[in-house]
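Student: below are the sequence and a predicted model; questions follow.
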Amino acid sequence: MGGRSLVSYGILFDVNSDKLKIESFPTIKEIANVLKENPTVKIKIVGHTDSDGADDLNLSLSKRRSESVKNELVKTFGIEELRIESEGKGEMIPVAPNDSTVNKAKNRRVEFIKM
């Protein structure tokens with residue numbers, strides 16, 4: 001994480017779920033390795049969704065998804081829990097209009113912010 005934040009599209013979840021897909025683990029492992037190499041770095045994991053569904057459900061889903069990533073970093077990769085915060089933004093900060101399948105996929109993302 002050379003800059004202040006990193007956006008990942010490599011972390012995938014089951015539809016309407018906070019269950020991580022197996023394809024997500026290489027990306028999470030990469031983040032864990034960066035954290036291990038930089039033991040003083042703290043991060044915030046921010047989950048984002050597209051606009052499908054109700055706002056409150058998307059906010060809850062994004063919070064649960066960021067928490068799932070945090071739990072994986074802590075339980076599987078041994079990253080100290082105090083180094084990681086998690087937060088969900090739901091559909092509040094889109095990076096593209098939610099008007100196509102491609103753009104909705106851009107809005108479903110996990111962001112890692114160096115604190």
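Tutor: Received it, and whenever you're ready, just let me know what you need. Numbering: from 1, shown residues only.
Student: all contacts plus neighbour counts: C-alpha atoms, from now on.
Tutor: Fine.
Student: how near is the residue of the chain most remote from its centre to K106?
Tutor: In the chain, the residue that sits farthest from the middle, by CA atoms, centre = their mean, is D99; the gap is 22.0 Å. From D99 across to K106, the span is 11 Å (CA to CA, to the nearest Å).
Student: try L20
Tutor: L20 sits 18 Å away from K106, going by CA to CA.
Student: do R83 as well
Tutor: Look at R83 and K106: by CA to CA, they are 27 Å apart.
Student: ok, those two, which is more surrounded?
Tutor: K106 (19 against 16; other CA atoms under 10 Å).
Student: and the longest helix for the protein?
Tutor: helix 55-75 (DSSP state H).
Student: show me the shaky parts of the chain.
Tutor: Flagging of the chain using pLDDT under 70 yields the residue ranges 1-3.
Student: what segments of this protein are helices?
Tutor: Listed in chain order, the helices of the chain (DSSP H) span 25-37, 55-75, 101-107.
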